[in-house]
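K.L.:
I'll drop the sequence and a predicted model, then ask my questions.
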Amino acid sequence: MGSKIEKSKNSFYESVKEILRTAKNSAYREVNFIMVEAYWNIGKQIVEEEQSGEDRAKYGSYLIKELSSKLTDDFGKGFTTTNLKIEREINPSRYWSDGYVYQYV
């Protein structure tokens, strides 16, 4: 009889554990998507700001260096000049005037 109760308790625990595991994984995926979208938007902002500057190369270098410093102060590590340059490079508005990514099949 004790064995049946233990199995029932174990099954209950495993069920609750699976609910939490599923919720946690869903949250990770959602946060990951939101952060990718945020980085994409940061890249878009950088491109738009650079395109309105006078001397693009000089201004772009200063802009990214200054942005990196301020973001690092406010949000901690992860906003190096290298990361910001990558965010700028992957933004499609840099290549296509309408800002859309096209997939050819």
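P.N.:
Received it, and whenever you're ready, just let me know what you need.
K.L.:
how about the helices in the protein?
P.N.:
Shown for the chain, the helices assigned by DSSP state H span residues 2-51, 56-75, 81-89.
K.L.:
For these, give me CSV that also has mean neighbour count and mean pLDDT.
P.N.:
Backbone N, C-alpha and C define where each C-beta goes, glycine included. Converted to CSV, these look like this (neighbours: other CB atoms under 10 Å; pLDDT from 0 to 100):
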stretch, mean neighbour count, mean pLDDT
helix 2-51, 12, 87
helix 56-75, 13, 84
helix 81-89, 16, 89
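K.L.:
Please tell me how far Phe12 sits from Ile86.
P.N.:
Between Phe12 and Ile86 the distance is 47 Å, computed by CB to CB, to the nearest Å.
K.L.:
ok, now Leu71?
P.N.:
According to CB to CB, Leu71 and Ile86 sit 14 Å apart.
K.L.:
What's the per-residue pLDDT of Gly76 here?
P.N.:
The score at Gly76 is 92. That number is its pLDDT.
K.L.:
and what of Tyr104?
P.N.:
pLDDT, read off for Tyr104, is 51.
K.L.:
can you check Ser93 too?
P.N.:
At Ser93, the predicted lDDT confidence score is 61.
K.L.:
What separation do you get for Asn90 and Thr81?
P.N.:
I think there's a mix-up here, since residue 90 is Ile and not Asn. Ile90 sits 15 Å away from Thr81, taking CB to CB as the criterion.
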